[in-house]
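the following comprises the amino acid sequence and a computationally predicted model.
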Amino acid sequence: MNSATPGELLEIAIEVARSAAETAHRMRGEGVAVAATKSTATDVVTAADRAVERQVTEHLRRLRPYDAILGEEYGEGTPASTGNGGNGGAGSRTGAGTGAVRWIVDPIDGTVNYLYGLPYHAVSLAAEVDGTVVAGVVRNIATGDEWTATRGGGAYRSGQRLRCSTETDLGQALIGTGFGYDAARRAHQARVIAGLITEVRDIRRYGAAALDLCQAAEGRVDAYYEKGLGAWDLAAGGLVAAEAGLRVTGLRGRPAGPDLVLAAPPALYQALHDRLADLDASGGP
């Protein structure tokens, strides 16, 4: 029952993400309530974040009851763990589960945008098999735009195959990034930006990492980097970016992860990588 092809897992992911996005959109229309904060007073969790993640968890368990699930709000759990979607705090990694498949969900990526009504927030859902993400979907809650990918099968938006930017000159590149909520981390990230901004076309900061990775996959930004992403930020969008031809890594031979995610087309990758390494973009708090 646990075995499935990436295409089959993607079909499930799309079904679940679309339903979740409808719920998030409806709840936004009814008004947004801040339910809690996380790392800082400005790092908010809305009631919709929690409700949507519970919905995703329940939906997945109906369809694939033996799979594990990792969510941003409720952590990681298995069907036997708990009825509310996890058994730990946000992002906890307790109880890996018995299934070969693990689902990784960000119920609302770009919560602050969602809170303010800015139309750049998304449901992100990926399927991981034996530690490798093989299928993923990112759906913009406000607009209905949807990006999908399967490992080895390409990345798509609205049925159109995605190809990343062909820009070759770092000085002409539009670079996407994001900032953490901790003040000390923001200060370090600002120093990195100050060192980079004179060497590229410009910088863009939209506030939702999964969508940023999809924008890079389309070439709407030429490359993207950010420190501090969780697995739920990276899983689906990172696969979309990689399948569109971007190199998705960390710095200095490390894999993409909390230290840094860099997604850049091959022609820009080394120059941007080296500049970010010089600026210690993966350092600081």
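Okay, I see it. Bear in mind the structure is a predicted one, so any value in this text is a computation, not a measurement.

ok, and the closest non-adjacent residue to the residue nearest in space to the middle of the chain?
By C-alpha atoms, centre = their mean, the mean C-alpha position of the chain lies nearest to residue 233, the distance being 2.5 Å. Spatial nearest neighbour of residue 233, excluding adjacent residues (C-beta to C-beta, 6 or more residues apart in numbering): residue 209 at 4.2 Å. Yep, even glycine has a C-beta here, placed from its N, CA and C like the rest.

residue 208 too?
residue 110 (3.0 Å).

what distance do you get for the one you found to residue 273?
26 Å (C-beta to C-beta, to the nearest Å).

residue 132 too?
23 Å.

the two: who's more crowded?
Between residue 132 and residue 273, counted using other C-beta atoms under 10 Å, the more crowded position is residue 273 (21 against 10).

mind exporting the strand or helix carrying that one as PDB, just the C-alpha atoms?
Using DSSP states H and E, the element containing residue 273 is helix 266-278. The C-alpha trace of helix 266-278 is given here as PDB (Å, rounded to 0.1, in the frame of the first residue of the first chain):
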ATOM      1  CA  PRO A 266      24.200  26.700 -14.300                       C
ATOM      2  CA  ALA A 267      25.600  29.800 -16.100                       C
ATOM      3  CA  LEU A 268      25.100  32.000 -13.000                       C
ATOM      4  CA  TYR A 269      25.600  29.400 -10.300                       C
ATOM      5  CA  GLN A 270      29.400  29.600  -9.700                       C
ATOM      6  CA  ALA A 271      29.700  33.400  -9.700                       C
ATOM      7  CA  LEU A 272      26.700  33.800  -7.300                       C
ATOM      8  CA  HIS A 273      27.800  31.000  -5.100                       C
ATOM      9  CA  ASP A 274      31.300  32.400  -4.800                       C
ATOM     10  CA  ARG A 275      30.100  35.900  -4.000                       C
ATOM     11  CA  LEU A 276      27.700  34.600  -1.400                       C
ATOM     12  CA  ALA A 277      30.400  32.500   0.200                       C
ATOM     13  CA  ASP A 278      32.700  35.600   0.300                       C
END
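
what residues sit buried inside it?
Residues of helix 266-278 classed as buried by neighbour count (16 or more other C-beta atoms under 10 Å): 267, 268, 269, 271, 272, 273, 275, 276.

how about stretch 248-263?
Residues of stretch 248-263 classed as buried: 248, 249, 250, 251, 256, 257, 259, 260, 261, 262, 263 (neighbour count, 16+ other C-beta under 10 Å).

for the stretch 151-285 of the chain, which segments count as strands?
For the stretch 151-285 of the chain, strands defined by DSSP state E, counting those that start in this stretch occupy the ranges 154-157, 160-161, 174-177, 202-205, 223-226, 247-249, 261-264.

direction included, what does the fifth one pair against?
Pointing back at strand 223-226 there. Take DSSP bridges as the rule and strand 223-226 pairs in its sheet with strand 174-177 (parallel), strand 261-264 (antiparallel).

quick one: closest of those strands to residue 216.
strand 261-264 (5.0 Å; C-beta to C-beta).

so what touches the closest one?
Applying C-beta atoms under 8 Å, 6 or more residues apart in numbering, the contact partners of strand 261-264 are 209, 213, 216, 222-227, 229, 234, 238, 241-242, 246-251, 256, 269, 272-273, 276.

could you dump that strand to PDB, C-alpha only?
Taking C-alpha atoms only, strand 261-264 is exported to PDB below (Å, rounded to 0.1, in the frame of the first residue of the first chain):
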ATOM      1  CA  VAL A 261      19.400  27.500  -0.100                       C
ATOM      2  CA  LEU A 262      20.900  28.700  -3.400                       C
ATOM      3  CA  ALA A 263      18.900  28.100  -6.600                       C
ATOM      4  CA  ALA A 264      20.700  29.400  -9.700                       C
END
